[in-house]
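Enquirer: What would the 3D arrangement of this be:
(2 chains)
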Number of protein chains: 2
Amino acid sequence: MNELNILDFLKKKIKLSSSTIIGPGDDAALLRNFKQEIVFCGDMLIEDVHFKLKDATFFDIGYKSVARTLSDIAAVSAVPKYIGISLALPKKYSSKIKEFLSGVEVLLKRFKIDLVGGDLSCSKKIFVDVWAIGFVEKNRFVKRSGAKPGDSIFVTGTLGGSYKGKHKKFLPLIEKSRKLTKEFKINSMMDISDGLAVDLYRILKESKVGAKIYQKQIPLSKDALTLEDGLYSGEDYELLFTANPKNKQKLIKKGFFYIGDIIKGKELLLCDDKKTKKLKTKGFVHFS
Amino acid sequence: MNELNILDFLKKKIKLSSSTIIGPGDDAALLRNFKQEIVFCGDMLIEDVHFKLKDATFFDIGYKSVARTLSDIAAVSAVPKYIGISLALPKKYSSKIKEFLSGVEVLLKRFKIDLVGGDLSCSKKIFVDVWAIGFVEKNRFVKRSGAKPGDSIFVTGTLGGSYKGKHKKFLPLIEKSRKLTKEFKINSMMDISDGLAVDLYRILKESKVGAKIYQKQIPLSKDALTLEDGLYSGEDYELLFTANPKNKQKLIKKGFFYIGDIIKGKELLLCDDKKTKKLKTKGFVHFS
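Expert: Now for the predicted structure:
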């Protein structure tokens, strides 16, 4: 499948919205938005680092590489609008690019996103990098660094189920995040990609605060075998956020899981009925 | 060099402009521009595909990976403003990330660009993917598909010198491109990354036209050994453009190299004093 084939495939199969003035096929895409602030982020998916080819189809790889980047857009409560995909893969898999793009397409349609550019190369291992542009109203972007002592801490869903395949088919929580920030003032938020403990620690570090979480409050997935799965297993892609405690009961009623409180200091504490212990916050290393 | 180190390094060493509301360190960057159209593109640089580690320092890799993407921004005559970098490399090279970023920084300073996000991972081979956002005034974006029969064809500089190292230190022609579109109506443009013949053929294909180029007009670099170097050697990163012939003499006076004419049809012809032959247009395969 060469350049021309892929472009033809993209142009025929994948619809673009009217705000995309120039889509794939030129040196750069030309896009129009004069009203909102611009959100920009990217995420890599690498064979033998993030997935093994024996466990994933090319459809899965396409879907997940886009879903991961959209999850970052959800984590700041923006609306994704455009993506660009860089894909490197061994020549022998070039016939699989269509299947890869079918996985991508599911999310393009689901969220009305335009695929507007990309780069294709050969390589020894499969490497995908997806960058997204989204838009957000002024003062609606939710930072990691806004958690305040006293804030209640919530997650949007159960944790620890990713090893059962949840990570392959998760839906980025764009609508849930937008609804949340429409109804409530959210002080800090991120998506849980490296495990609750590690990602909560990132919010604490950026916000210069500590936290206490309650063991019995942590919503474990039915696929989680132990508490450790809920705390440390990555790729749940649920949202983790903090809000003023005055909204705690309302948020619980809306179905969000209250798991703890932001405190002064910088420690992350886990409390059960009897004791309080400091949590380890080891995790994957990321650039941002 | 772990996550915290790199973020600290970025925050201390690399200045951000006031239009970057949130830079590196959150799930996504938050950017502001309400006036111009948005340009978006990306380009990969992969070890043993695009470079060999024995021929390139980490400074070179950082510089070149950003320069290639900025060259695409120049090719549409936009102004680059933000970049995001995904970098995957073997753990043993993590101490080289600073050197890589020093190469990046040269171009950030030169063009007043903000590095606003990224992703870092380990991998067996070095893999860099740089995505850029730029801005352009309405109707100033130059497409590949605008060449018209009768247009004169120009290049901005000499060709065939890349194997002597030009490709490592080339400066993206942002200012030259902006000046060009300020003074002239340019009908089509792209940057020469895969060789004059291949890239001109891309313009022809997109514009549904043919071209005649004149052997004696092709400006060979002093490092080019043969005409073949000038036609087929990649990575010159000069700009290739077409404009109405009424501006031909003015453009020549400004120092641009006139190399041929757009014709009806779809063939790419090379003419010398005696004969005309069809050019081969083999080249690298790209996604866009």
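
Enquirer: can you tell me which residues contact the closest residue to A:Phe40 other than its chain neighbours?
Expert: Distances taken as C-beta to C-beta, 6 or more residues apart in numbering or on different chains place B:Ala29 nearest to A:Phe40, at 4.6 Å, with adjacent residues excluded. Heads up, the C-betas are built off the backbone N, CA and C, glycines and all. With contact set as C-beta atoms under 8 Å, 6 or more residues apart in numbering or on different chains, B:Ala29 has these partners: A:Val39, A:Phe40, A:Cys41, B:Thr20, B:Ile22, B:Gly23, B:Tyr82, B:Gly84, B:Val116, B:Gly117.

Enquirer: so the last one, which of the three states?
Expert: So that's B:Gly117. strand (DSSP: H, G, I helix; E, B strand; the rest coil).

Enquirer: Point out the ones among the contacts of B:Ala29 that are inside strands.
Expert: Using DSSP state E, the subset of these located in strands is A:Val39, A:Phe40, A:Cys41, B:Thr20, B:Ile22, B:Tyr82, B:Gly84, B:Val116, B:Gly117.

Enquirer: Can you select the buried ones among those for me in PyMOL?
Expert: Command for PyMOL that selects the buried part of these, burial taken from 16 or more other C-beta atoms under 10 Å in any protein chain shown:
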select buried, (chain A and resi 39+40+41) or (chain B and resi 20+22+82+84+116+117)
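
Enquirer: ok, the ones in strands among the contacts of B:Ala29 vs A:Lys112, which is closest?
Expert: A:Lys112 lies nearest to A:Val39 out of those, by C-beta to C-beta, at 15.8 Å.

Enquirer: where's the residue of the stretch 101-250 of chain A found nearest chain B, which helix or strand?
Expert: Nearest to chain B, among the residues of the stretch 101-250 of chain A, is A:Leu120, at 3.2 Å (C-beta to the nearest C-beta). Element membership of A:Leu120 [criterion: DSSP states H and E] is strand A:114-122.

Enquirer: do A:Glu175 as well
Expert: According to DSSP H and E, A:Glu175 maps onto helix A:174-183.

Enquirer: quick one: contacts of stretch A:48-65?
Expert: The contact list for stretch A:48-65 (C-beta under 8 Å, 6+ apart) reads A:43-45, A:47, A:85, A:93, A:96-97, A:99-107, A:125-126, A:128-130, A:167-169, B:88, B:121-124.

Enquirer: Report the residue ranges of every domain in chain A.
Expert: As assigned by automatic domain parsing, chain A contains the domains A:3-136, A:152-278.

Enquirer: now the ones in strands among the contacts of B:Ala29 in TSV, with distance to A:Lys248 and pLDDT?
Expert: Shown next, in TSV, are the ones in strands among the contacts of B:Ala29 (distance: C-beta to C-beta, whole Å; pLDDT from 0 to 100):
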residue	distance to A:Lys248	pLDDT
A:Val39	28	95
A:Phe40	33	95
A:Cys41	30	95
B:Thr20	34	85
B:Ile22	27	84
B:Tyr82	37	94
B:Gly84	36	94
B:Val116	34	92
B:Gly117	32	89
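
Enquirer: May I have the secondary structure class of A:Lys148?
Expert: Criterion first, three-state DSSP; result for A:Lys148: coil.
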